[in-house]
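Colleague: Pasting a predicted model and its sequence here:
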Amino acid sequence: MTTFDAGDHRLTEVEPNVWELDRDDDSIPARVLASEALLEHIGDDMTLDQLRNVAAMPGVVAPALCTPDGHQGYGFPVGGVAAFDAEDGCISPGGVGFDINCGVRMVRTNLTYDDVRGREDELVDALFDAVPCGLGGGGVHDRSHADLEKALERGVDWCVEEGYATREDRLRCEDEGMRPDADPDAVSKKAKDRGTSQMGSLGSGNHFLEVQRVTDVYDDDTADAFGLVEDQLVVLIHCGSRGLGHQVCSDYLRRIEQEHPDFLASLPDRDLAAAPADSDLADEYYGAMCAAINFAWVNRQLVTHAVRETFADVFDAPDWEALEMDLLYDVAHNIAKRETHTVTRTGDGYSLGGDGERVERDLYVHRKGATRAFPAGHPEVPSAYRDVGQPVIIPGSMGAGSYVLKGGEQSMGRSFGSTAHGAGRLMSRTRAKDEYWGGDVQDDLRESDEIYVKAASGATIAEEAPGVYKDVDDVVGVSDALGIGDLVARTYPVCNVKG
DNA sequence: ATGTTC
């Protein structure tokens, strides 16, 4: 069998694109889903140490997984998929990430690339003015505490009532844009205070708002079901729960330290801080996390509302409906969810595959930098897409294409119904700023690639330069080859508002 | 990711 040596670890290719981490006989398998090319830098940082640690956590259901875009994160790798038994496992803020329900949505239009050519500057300026971005709460109209409470509790449902969303929008979000388990009372005042001044803002870092054109369609029938055709303009919105989600994560990491010090000490790494599944704190964190998830959906919806109004204005349409700016889909890629999966009972735990008694178990599935990718026929796929599979949106860097996939037939059996979430970073933000200067990157994109970028900060452009990311084509190629998320269409950037 | 250093 093919092996790959990465730093202190040896990986063995047990099936094409499936690499198992070296381990003791009695430990839980950990797997990297990747091509050999994507493994090139995986030994340079702590990614594989982190993956091995996740596989040693209480109640983990085999295997612990790293997606093709995976890299080092806080405790867990970004690109980590880990499922823990909901009865005797645990739930971990580090397995969700600081930016709770960071995610992406794609909005369709009936415009084509020709409609925008020559007007890119006008469009990107108008979008930049309409959508607050960058660090902090600048430019956002402060919401009332009552609005925030409703957003935390009801997500996109609240947006429907307020006229910021249609009922159809809500149906085209993962979980229909609302986690009913949200508990606003479990969100601290400090987190809420940060949220009230940030509702409807893009944020910073890798967050962006990008107008794109569809360049390739790989699966005609599914593209048709998704409403995508070549040359069509679409809008991709990538943002999360801003300071509110960050504060929720910080709050609960601290409470785990205070309230479960013995459990914390038993974990392989303190950054994996987790609450035991049967504890009150686990329920509280889950309620707070679900509320932050709802907040992020509201955030993306309010940005969508601003984008729709801006397009109607720029393209002289009576309203956004005339431009048919329907939501294709909204996916979360930093979440944990209580889901029921069919697993195999092993000696003292459970495994996703393998021979033995098959049972249904409730699991806390953590997808940190990973996208749900449920296949055709799954009851949680919206009825409009149920015959083809859940739309999966995978953005590339701002100089590369993005992809629309559909949940693949193999995803439930291979990856707890999950696939990759993006290109994956190749280097730290600090190193990126040494290697690139924002203004140069911006000029290159405009002159060489006809991509118009407008950003709140030049440093952010440097941190997010196309060269700091892996090749998204390789990432989606692995997903497609494994049958966990199948290629449907590719887009290419037209103009980009960067946080 | 992040009022970019609890």
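Modeller: That came in fine, so what should we check first?
Colleague: ok, which stretches of the stretch 151-300 of chain A are helices?
Modeller: In the stretch 151-300 of chain A, the segments counted as helices under DSSP state H, counting those that start in this stretch are A:156-162, A:167-171, A:189-196, A:220-226, A:242-259, A:261-266, A:280-314.
Colleague: So which bits of the second one are buried?
Modeller: Buried positions in helix A:167-171, judged by neighbour count with 16 or more other C-beta atoms under 10 Å: A:Asp169, A:Arg170. Glycine gets a C-beta too; all of them are placed from N, C-alpha and C.
Colleague: Grab the most central residue of chain A for me.
Modeller: A:His333 (2.1 Å; C-alpha atoms, centre = their mean).
Colleague: quick one: it and A:Arg367 touch, right?
Modeller: Yes - shown here, A:His333 and A:Arg367 form a contact pair, counting by C-beta atoms under 8 Å, at 6.5 Å.
Colleague: So which of the helices of the stretch 151-300 of chain A is nearest DNA strand B?
Modeller: Taking C-beta to the nearest atom of the strand, helix A:242-259 is the member of the helices of the stretch 151-300 of chain A nearest to DNA strand B, at 3.1 Å.
Colleague: list the buried ones in that closest one?
Modeller: A:242-253, A:255-256.
Colleague: thinking again about what came up before, quick one, phi psi at the closest residue to the residue nearest to the centre of chain A other than its chain neighbours?
Modeller: In this structure, A:His333 finds its nearest non-sequential neighbour in A:His421, 3.9 Å apart by C-beta to C-beta, 6 or more residues apart in numbering. When quoted as degrees, to the nearest 10, the phi and psi of A:His421 stand at phi -130, psi -10.
Colleague: Looks like A:His421 contacts A:Gly79 (just checking).
Modeller: Yes - using C-beta under 8 Å, A:His421 is in contact with A:Gly79, at 7.0 Å.
Colleague: Mind listing the shared neighbours of these two?
Modeller: A:Thr67, A:Asp69, A:Gly369, A:Ala370 (C-beta atoms under 8 Å, 6 or more residues apart in numbering).
Colleague: number of nearby residues for the last one?
Modeller: In terms of burial, A:Ala370 registers 30 neighbours under the definition other C-beta atoms under 10 Å.
Colleague: now the third one
Modeller: Applying other C-beta under 10 Å, we find 26 other residues in the vicinity of A:Gly369.
Colleague: Find the nearest non-adjacent residue to it, please.
Modeller: A:Val78 (3.7 Å).
Colleague: Residues in a beta bridge with that neighbour, which ones?
Modeller: A:His71 (DSSP bridges).
Colleague: Figure out the helix or strand that A:Gly75 lives in.
Modeller: Under DSSP states H and E, no helix or strand contains A:Gly75.
Colleague: Close to DNA strand B: what parts of the stretch 1-150 of chain A are there?
Modeller: Counting by C-beta under 7 Å from any atom of the strand, the residues of the stretch 1-150 of chain A close to DNA strand B are A:Phe98, A:Asp99, A:Cys102, A:Leu135, A:Gly136, A:Gly137.
Colleague: Paired strands for the lengthiest strand in chain A, with orientation please.
Modeller: Within chain A, and with DSSP state E defining each element, the longest strand by residue count is strand A:485-498. Its sheet considered, strand A:485-498 pairs with strand A:208-217 (antiparallel), strand A:402-407 (antiparallel), strand A:452-455 (parallel) by DSSP bridges.
Colleague: can you tell if the last one touches DNA strand B?
Modeller: Spelled out, it's strand A:452-455. No - taking C-beta under 7 Å from any atom of the strand as the criterion, strand A:452-455 and DNA strand B are apart, separated by no less than 12.3 Å.
Colleague: For A:Ile42, see how far away the residue in the stretch 301-450 of chain A that DNA strand B sits nearest to is.
Modeller: Residue of the stretch 301-450 of chain A nearest DNA strand B, by C-beta to the nearest atom of the strand: A:Arg429 (6.7 Å). Distance, A:Arg429 to A:Ile42, by C-beta to C-beta, to the nearest Å: 19 Å.
Colleague: Neighbour count: the two, which is higher?
Modeller: A:Ile42 (24 against 15).
Colleague: what sits opposite the closest residue to the more buried one other than its chain neighbours in the beta ladder?
Modeller: Distances taken as C-beta to C-beta, 6+ apart place A:Ala6 nearest to A:Ile42, at 5.1 Å, with adjacent residues excluded. Counting by DSSP bridges, A:Ala6 is bridged to A:His9.
Colleague: So A:Ala6 sits against A:Met46, correct?
Modeller: No - using C-beta under 8 Å, A:Ala6 is not in contact with A:Met46; the gap is 11.5 Å.
Colleague: Please identify which of the two sits among more neighbours.
Modeller: Neighbours were counted for A:Ala6 and for A:Met46 using other C-beta under 10 Å; A:Ala6 has more, 20 against 17.
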